[in-house]
Structures are given as C-alpha cells and as structure tokens.
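Colleague: Predicted structure and sequence below. I'll ask about it afterward.
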Amino acid sequence: KDDGKTRVLILMSDTGGGHRASAEALKAGFEELYGSKFHVDVLDIWTHHTPYPFNQMPKTYSFLVKYSFLWRAAFTMSQPRVVHVPCSTASAAVVGRRVSEAFDIYQPDLVVSVHPLMQHVPLRIMRMRIKAGMQPPTKFATVVTDLTTCHNTWFHPGVDRCYVATEASLKQALGLGLRHDQLRLYGLPIRPAFGRSFPAKAKLRKMLGMDLSKPAILLVGGGEGMGPVEATVDGVAKYIGGDCQLVVICGRNAKLVEKLSSKQYPEGMHVLIKGFVTNMPELMSASDVIITKAGPGTISEALICGLPMVLNAFVPCQEEGNIPYVVDNKVGVFEKSPQRAAQIIRSWFGEKRAEFEEMGRRARALGKPHALFDICRDLATLAPHPAGEARVSKPTLAAA
Ligand code: UDP
C-alpha cells in the first residue's frame, strides 16, 4: 500500500462479455494514461467474495438468458425500488463480511462499479466501514455499461460520479435523483485498441486470411455464442452465397465452431469460423457489415469501426433499448428472421449501396472512440492522490 500508487478497485461480474470487457478496458485505459502511477484490480465480487447462492449469479445469468422469459420476470420483478432496496439490504447483511474482506485486501483509494447490482451493497458496506474507522473515506463511481433501458439499480444518488453512455441514460439518472454534477456523458468504455488507427482494409484482410475483393459480413454471436447463429449462416449462404465472404465468431460456443466448420458452403463463398477471438478491432475494421445481438459493447465497437448493423437478437429488457438506439440513429436495422437479414444485406451490397454507405458514415460519426480515456481522466481527478498528468499515449497499430 505504501508504494505511492493510487489504488483502483473495479467491481464487476462475469455475466456476459460486456461487463468484463468494460472492466478490462478501464484497467488498460489507466495503464496507457498513467503507467505505474495507478494500480488497478478487477474483482468479480459475486464469484470470489460472496457465499452461495450469490456466487452462482454468473451461472444463473447464462441460464436466464437461455430461458429468456425467466430473465424478463427476474428483471421486471426487481425493477421497482420497493423491491430492490429491501432485497439488497438483505443481501448486504449476507455478503457484507466478504465485501468488507475485499476492501481489506485491495485497500482501494477509488472504487469503480461496472455492474448494475454493485452500487447498493458496496456503498453500504463502505459507509459502515468508514464510520467504524476501518478505512479512510473512499470515492465511489459507477460506469454504466448499458446504452439505454438501464436497470434502475445502476443509479445510486450516493455515488461520487456516474458515467453514462447516452442521453437516455442521463435522463434516467436525473429522474432517479442523481444531480448533474455527479453525471458525465462520454460513451461506453471500449478497449483502447478501438481508438487506434488501423492498416488499410486490404492489408488487414491479408493478415486475417480474408478474401480481398468480396464484401465481408461479420457475424457475432455474443461472448457466449448466443443468438440464431447457424440459421443466419444458412440464410447468408442461401441468399448471398458466393457474392460475399462471411466471418463467424462463435464466442465460447465450441460445439458451434465444430458444427459450422463441417458444413458445406456455396461455391465461391469464403467462410471463416472462429471461436472466442481477441482481435475484434481488426476483424471489425476488415469487415463491411455486422450481424449481432444487441449487446452494448459490440454495438459501440461497430459504430467506432463504421459498420452498419443488423441486430438479430437481444437479451430481454436490458438490451431492448439498444434496438431503437441503432434504428433511430439510422445506423442499422433490427431483423430477427435470418432469411430476411440476409436479404437486407444482399440489397445493401446491391441496389441499396448508397444508403448502406451513408449508414456507415453515420455509424462512424456516432462512435465514441475516446470515451474510455475521457472516463479514466475524470476518474483520476476523483482519486485522493491525483496521479499527475496523463502520459500522451502514442497511437500505434494494433497487432493482428
Ligand atoms: N467479444 C470478443 N471476442 C469474441 C466475442 C465477443 O472480444 O469472440 C467481445 C466483444 O467485442 C464485446 C464483448 O465481447 O466487447 C461483448 O459485449 P456485449 O456488450 O456486446 O455483449 P455481452 O456478451 O456482454 O452480452
């Protein structure tokens, strides 16, 4: 602790790739801006520091996403404050000791939550500890990692700062009693690699083993390979076939990789099947259009890369609002039917080319590649030992 570094503790839960991705992005942002002046720990607090059944939450999330009507019920039931406040008071009593342990171990100067369920409990525990003289006053900030229709538990009037990504979230926060001076609207924190400049498309495609001439469709099934991936592959094969190339990201769904790899594809259709990839910035920059579920991270990344989108699925409630965000900003469409999604893209590559290109330009204009560094710089001002000026980070080409 006496190493002179400012200690930041990021609270997350591995419920889908988005929260982890945001936490990792923030850690990387601090590293790029301030080097060793900050020490950042990322803690999946529900799995590592809470007793059963609370440490089952990430698994429960996967289950609920698969059986979405249950997820919807869980989400809707926990939305009104009358329910979630007593509920989190009860869980605070159970998990309090473990959360407190985490504060003892990490001794943070600044706590940053990137999870909708990690405001009430940690803030309550922190207040109790400060009152009992167990730790010095510590700043607490929330980085909201949803674009819209945010769960109310994201917003706690007791935080020192709350970062939101859209006007809609800002309004929601104000409606729930947060003040303007607590709020900052910068965008979603996206990995620094998305803020860099990339080699030309042709060079990238060569590096990635892609076809150099055919329009490229990137199909992303979400971190856990969810959504109608196989049916979409079939739709693209049937309606576009050899006139395109398709890159399929199956996430952690190994069975899907196997299944899609053993399929027959139309003559001339170049297909790349991948599991969980770590080079999403390159893949997006090398592609022309993306088909994805309405994940906030993927949408924000696609905007930065100027990719028009076909949203083909969503996690009920929390991702539903991302659809009008994309549609109303005219950067993509929502289409559940894999056949119709393929037909739309075929028209974008053909008679609707001009409209398609216009969508790409709008996407790039809406993207916020600097949100991560804006958030990190502002967080640094909250820390009790201001860590001095940010280093000027040199934009470098990301490795393939
Ligand atoms: N992602 C990745 N590799 C993969 C699949 C996904 O890096 O193979 C990343 C993707 O770029 C995004 C995140 O995982 O940053 C997914 O976040 P999103 O908010 O879109 O959806 P979630 O999975 O959290 O529901």
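Modeller: Perfect, thanks for sending it.
Colleague: Who are the contact partners of residue 110?
Modeller: Counting by Cβ atoms under 8 Å, 6 or more residues apart in numbering, residue 110 touches 6, 7, 8, 9, 138, 139, 140, 141, 379, 382, 383, 384. Every C-beta, even on glycine, is put in place using the N, C-alpha and C of the backbone.
Colleague: Going by neighbour count, which of those residues are buried?
Modeller: 6, 7, 8, 9, 138, 139, 140, 141, 379, 382, 383 (16 or more other Cβ atoms under 10 Å).
Colleague: Can you tell me which residues in the stretch 201-350 of the chain are near the ligand?
Modeller: Proximity of the stretch 201-350 of the chain to the ligand, by Cβ under 6 Å from any ligand atom, involves residues 222, 223, 249, 251, 276, 277, 280, 295, 296, 297, 298, 301.
Colleague: Quickly name whichever of the residues you listed is closest to residue 172.
Modeller: Lowest distance from residue 172 to those (Cβ to Cβ) belongs to residue 296, with 14.4 Å.
Colleague: Export the contacts of residue 110 to TSV and append columns for secondary structure.
Modeller: Output for the contacts of residue 110, formatted as TSV (DSSP: H, G, I helix; E, B strand; the rest coil):
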residue	secondary structure
6	strand
7	strand
8	strand
9	strand
138	coil
139	strand
140	strand
141	strand
379	helix
382	helix
383	coil
384	coil
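Colleague: Dump the residues you listed to CSV, plus distance to residue 330.
Modeller: Listed next are these as CSV, based on distance: Cβ to Cβ, whole Å:
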residue, distance to residue 330
6, 42
7, 44
8, 38
9, 40
138, 43
139, 39
140, 37
141, 33
379, 33
382, 36
383, 40
384, 44
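Colleague: now, which of those sits nearest residue 205?
Modeller: Once Cβ to Cβ is applied, the member of those that ends up nearest residue 205 is residue 379, at 36.9 Å.
Colleague: separation between whichever residue of the chain sits closest to the ligand and residue 281?
Modeller: Per Cβ to the nearest ligand atom, residue 295 is where the chain lies closest to the ligand, at 2.1 Å. Residue 295 sits 16 Å away from residue 281, going by Cβ to Cβ, to the nearest Å.
Colleague: which one of these two has more residues nearby?
Modeller: Between residue 295 and residue 281, counted using other Cβ atoms under 10 Å, the more crowded position is residue 295 (28 against 21).
Colleague: thinking the more buried one is in contact with residue 319, fair?
Modeller: Yes - at 6.6 Å, residue 295 counts as touching residue 319 under the criterion of Cβ atoms under 8 Å.
Colleague: can you narrow the contacts of residue 110 to ones near the ligand?
Modeller: Contacts with the ligand are made by none of the contacts of residue 110, judged by Cβ under 6 Å from any ligand atom.
Colleague: which residues touch residue 237?
Modeller: 246, 265, 266, 269.
Colleague: top of those by neighbour count?
Modeller: Going by other Cβ under 10 Å, residue 246 tops those with 24 neighbours.
Colleague: after the helix or strand encompassing it, next one along is what?
Modeller: Following DSSP states H and E, one finds residue 246 within strand 245-249. Heading C-terminal from strand 245-249, the first helix or strand you meet, by DSSP H and E, is helix 254-261.
Colleague: Can you give the strand pairings for the next helix or strand after that following helix, parallel or anti for each?
Modeller: Toward the C-terminus, helix 254-261 is succeeded by strand 270-274 as the next helix or strand (DSSP H and E). Here strand 270-274 has these sheet partners by DSSP bridges: strand 245-249 (parallel).
Colleague: so how far is the partner strand from its chain's centroid?
Modeller: Relative to its chain's centre, strand 245-249 lies at 21 Å (Cα atoms, centre = their mean, to the nearest Å).
Colleague: ok, now stretch 247-260?
Modeller: The answer for stretch 247-260 is 20 Å, by Cα atoms, centre = their mean.
Colleague: so how many other residues sit close to residue 196?
Modeller: Count around residue 196 with other Cβ under 10 Å applied: 16.
Colleague: correction: residue 355
Modeller: When neighbours are counted by other Cβ under 10 Å, residue 355 comes out with 12.
Colleague: do the same with the one 5 residues further on
Modeller: For residue 360, the neighbour count with other Cβ under 10 Å is 17.
Colleague: cool, and residue 328?
Modeller: 8.
Colleague: likewise residue 282?
Modeller: Count around residue 282 with other Cβ under 10 Å applied: 22.
Colleague: Residue 131 too?
Modeller: What residue 131 shows, counting by other Cβ under 10 Å, is a neighbour count of 8.
Colleague: Same check on residue 204?
Modeller: Residue 204 has 21 nearby residues by other Cβ under 10 Å.
Colleague: So it belongs to a strand, correct?
Modeller: No - going by three-state DSSP, the assignment for residue 204 is helix, not a strand.
Colleague: Please shift the residue numbers so they start at 21 in all later answers.
Modeller: With the count now opening at 21, the last piece we talked about shows up as residue 224.
Colleague: Excluding chain neighbours, what is closest to it?
Modeller: In this structure, residue 224 finds its nearest non-sequential neighbour in residue 306, 4.1 Å apart by Cβ to Cβ, 6 or more residues apart in numbering.
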